[in-house]
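# here is my input; please provide its structure:
(one chain, ligands or ions: 2)
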Amino acid sequence: MRMIVNNLEETQKIAADLANLVQAGDTILLDGELGAGKTTFTQGFARALGIKRPLRSPTFTLVREYQTTNFPLYHLDVYRLGEEGGGDELGLEDYFNADSVSFVEWSQYIEAQLPFDALKVSLERVADDTTGLQRMITISARGERSTALLKQLQVTTNGN
Ligand SMILES: Nc1ncnc2c1ncn2[C@@H]1O[C@H](COP(=O)(O)OP(=O)(O)OP(=O)(O)O)[C@@H](O)[C@H]1O
Ligand SMILES: [Mg+2]
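Ligands and ions are numbered 1, 2, ... in the order given. As a prediction, this is how the structure comes out:
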């Protein structure tokens, strides 16, 4: 699934659509360079779940936990493990469990800890965009549950 959005509100709308479909146990991987919009997407998701606390990027702590009515939400940002390494000794795989939903920025740095079944959201700047606000969002799935989730998301977003 691929679309062009024109501003951050449109990015957060897609995130909110996803928030309405997600279940405990789901893992969302966020891909894209610095400033692409990974944290912005996660903010839109968190707000749609009623999280009022501002969601900041957890760069120095690696993980922040938020409570929702149905499950804990873990927001991981493992950017600094790209330079420091050592991601395999931290027990981060504990965050990927059946009771919680997790978002991972820079997931390529903890590839070995990730569950196979995951939804991947890639954000990219658009080459000829003069506004600086456009992004191409590509969403792909691996595994049974994430494939079903992606199909539901396609139905929701095409219907809007
Ligand atoms: N369409 C858009 N979608 C998302 N963010 C946008 C968009 N247009 C502009 N922006 C801006 O781009 C910036 C994205 O920053 P954000 O922190 O979300 O990126 P990030 O991918 O998490 O970066 P980092 O790798 O540093 O964590 C924000 O300032 C946001 O307002
Ligand atoms: Mg970020």
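# enumerate the residues of this protein near ligand 1.
Contact residues (Cβ under 6 Å from any ligand atom) of the chain with ligand 1: 5, 7-8, 11, 32, 34-40, 57, 105, 133, 135. All C-beta spots, glycine's among them, are computed from the backbone N, C-alpha and C.
# ranges for the helices of the chain?
With DSSP state H as the criterion, the chain has helices at 8-19, 38-48, 81-84, 144-158.
# ok, residues contacting the longest one?
So that's helix 144-158. The contact list for helix 144-158, computed with Cβ atoms under 8 Å, 6 or more residues apart in numbering, reads 1, 3, 14, 17-18, 20-23, 25-27, 117-119, 139-141.
# select only the buried ones of those in PyMOL?
In PyMOL syntax, the buried subset of the contacts of helix 144-158 is picked out as below (16 or more other Cβ atoms under 10 Å):
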select buried, resi 14+17+18+22+25+26+27+117+118+119+139+140+141
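# list the contacts of the closest residue to residue 93 other than its chain neighbours.
Excluding the flanking residues, the one nearest residue 93 by Cβ to Cβ, 6 or more residues apart in numbering is residue 113, at 4.4 Å. Applying Cβ under 8 Å, 6+ apart to residue 113 gives the contacts 87-88, 92-93, 96.
# how about CSV for those, with pLDDT and neighbour count added?
Shown next, in CSV, are the contacts of residue 113 (pLDDT from 0 to 100; neighbours: other Cβ atoms under 10 Å):
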residue, pLDDT, neighbour count
87, 82, 18
88, 85, 13
92, 93, 21
93, 93, 13
96, 97, 21
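# quick check: of those, which lies closest to residue 70?
Closest to residue 70 out of those is residue 96 (17.0 Å), distances taken as Cβ to Cβ.
# what is the neighbour count of the residue found closest to the closest one once you drop the neighbours it is linked to in the chain?
Of all residues not flanking residue 96 in the chain, residue 115 sits nearest, at 4.7 Å (Cβ to Cβ, 6+ apart). Residue 115 has 17 neighbours, counted by other Cβ atoms under 10 Å.
# go ahead and confirm residue 115 touches residue 27.
Yes: Residue 115 lies in contact with residue 27 (Cβ atoms under 8 Å); the separation is 5.4 Å.
# list residues touching both of these two?
Residues touching both residue 115 and residue 27 (Cβ under 8 Å, 6+ apart): residue 96.
# any idea how far the residue lying closest to residue 92 once chain neighbours are set aside lies from residue 87?
Of all residues beyond its chain neighbours, the one nearest residue 92 is residue 113 (4.9 Å), with distances taken as Cβ to Cβ, 6+ apart. The gap separating residue 113 from residue 87 is 7 Å, by Cβ to Cβ, to the nearest Å.
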